[in-house]
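Asks: no letters, just coordinates:
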């Protein structure tokens, strides 16, 4: 019987032997790393946690150990930028031409017509079950919060967050166009609803004449109510879009809880090099965390019917890494007008990001961008790494190297939570047929 057959749902191994571990996710093994950034390790498990990690000892007899034969072991994933409330509406409301403008119109129309509590609950739960089966532990979702949708979605979000606690830890971000942000007493009521349900503030940032004033109102609200910020910034190919620089300047000027997180930042890739350097210097000084969304941006950006795209739509992650700016990689949308595909599988996202963004030769610290870095940006210190004392939340693969890992879908991966192998059940799309159509 092979090792894969010994790790069946419900089993609790006491030791994993000859596990290939990326040292970017386990610094304790750095001294034994090979040229590809992997170390061969023995991992002892006890009481749901990692009791010990050591370089693999081939002479150590241990009949209770499961010998992985160099199979890769990663921590469970953290997906810091998703849209669970939009997920899986594609069958009933698709994108007629694949453009960003059409996505906005289609999603808005679907929200107005269909997004009652039961509709959103069923689609969100479906997405969470998919993510859990693929090995994700933490999810932050942006939630469309244009009134009156906010009064429907936020109580539902809090209900799902409590129901899923211990399986997937959920965070929510209020999403609204910066030009739609309320003012005065209406803003305070809007923010209180988010605060009462444990959320963060967010907005979509794009060029407009009074952007600085609107950002100041948003940052002031976050500061007064003690809420973190996670923003969609410059999601376009417009070289004149400078929202990232403006957000960085505001973050320097106004203190808000936790790191300010910005997603997309696509316009940076089509700007003049001198402008890029000035902006990234501000981002580093402000301590912003950046999330790149390679699948959705590759799908939407530079899309013109009948014309081949000229750029990849993603932001400048290598230049950010050079300045020690935290960079995370995330799923973004799944099967909705903004992205027709996806399943909240962070391995798929990392595989695509590696190819699109050239995160290899060497891989270096990039594996952390789908686990430890987003976990830290979400406020979960010590999560998303393989370390003594950490929860034994692991994903185990037959693949032995990054080349093998990223060459196939790894549908036979094994997910462990608190040192116990879970049953991986990806839900059937037919479950949603009566909601979104088949």
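Replies: Everything's here; your move. Since this is a predicted model, take the numbers as computed values, not measurements. Numbering: from 1, shown residues only.

Asks: give me the most central residue, this protein.
Replies: Nearest residue to the geometric centre of the chain (Cα atoms, centre = their mean): residue 79, 2.4 Å.

Asks: what's near enough to touch residue 415?
Replies: Contacts for residue 415 (Cβ atoms under 8 Å, 6 or more residues apart in numbering) come out as 76, 132-135, 394-396, 421-422, 424. In short, each C-beta sits where N, CA and C put it, glycine included.

Asks: name the element it belongs to?
Replies: Using DSSP states H and E, residue 415 maps to strand 414-417.

Asks: next, the buried residues of that strand.
Replies: The neighbour-count check on strand 414-417 (16 or more other Cβ atoms under 10 Å) flags 414-417 as buried.

Asks: do you have the helices of the protein handy? List them.
Replies: 3-6, 100-114, 117-134, 149-164, 184-196, 211-225, 243-253, 273-286, 294-300, 317-322, 346-357, 372-377, 402-407, 433-436 (DSSP state H).

Asks: now these in JSON lines, with mean pLDDT and mean neighbour count?
Replies: What follows is these, written out as JSON lines (pLDDT from 0 to 100; neighbours: other Cβ atoms under 10 Å):
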{"stretch": "helix 3-6", "mean pLDDT": "84", "mean neighbour count": "14"}
{"stretch": "helix 100-114", "mean pLDDT": "97", "mean neighbour count": "16"}
{"stretch": "helix 117-134", "mean pLDDT": "98", "mean neighbour count": "21"}
{"stretch": "helix 149-164", "mean pLDDT": "98", "mean neighbour count": "18"}
{"stretch": "helix 184-196", "mean pLDDT": "96", "mean neighbour count": "15"}
{"stretch": "helix 211-225", "mean pLDDT": "97", "mean neighbour count": "17"}
{"stretch": "helix 243-253", "mean pLDDT": "98", "mean neighbour count": "21"}
{"stretch": "helix 273-286", "mean pLDDT": "98", "mean neighbour count": "16"}
{"stretch": "helix 294-300", "mean pLDDT": "97", "mean neighbour count": "25"}
{"stretch": "helix 317-322", "mean pLDDT": "98", "mean neighbour count": "17"}
{"stretch": "helix 346-357", "mean pLDDT": "98", "mean neighbour count": "20"}
{"stretch": "helix 372-377", "mean pLDDT": "98", "mean neighbour count": "25"}
{"stretch": "helix 402-407", "mean pLDDT": "98", "mean neighbour count": "17"}
{"stretch": "helix 433-436", "mean pLDDT": "95", "mean neighbour count": "14"}
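
Asks: out of those, the one nearest residue 69 is which?
Replies: With Cβ to Cβ as the measure, helix 3-6 is the member of the helices of the chain nearest residue 69 (6.4 Å).

Asks: contact partners of that closest one?
Replies: By Cβ under 8 Å, 6+ apart, helix 3-6 touches 13, 66-69, 71, 398, 412, 414.

Asks: before we move on, back to that, closest to residue 24 out of the helices of the chain?
Replies: Across the helices of the chain, closest to residue 24 is helix 372-377 (Cβ to Cβ), at 8.3 Å.

Asks: the closest one packs against which elements?
Replies: Counting contacts by 3 or more Cβ pairs under 8 Å, 6 or more residues apart in numbering; DSSP states H and E, helix 372-377 is packed against strand 77-82, strand 136-144, strand 289-292, strand 327-329.

Asks: want to throw those strands into a markdown table with mean pLDDT and distance to residue 39?
Replies: A markdown table is the format used below for the helices and strands packed on helix 372-377 (pLDDT from 0 to 100; distance: least, Cβ to Cβ, whole Å):
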| stretch | mean pLDDT | distance to residue 39 |
| --- | --- | --- |
| strand 77-82 | 98 | 20 |
| strand 136-144 | 98 | 23 |
| strand 289-292 | 98 | 27 |
| strand 327-329 | 98 | 23 |
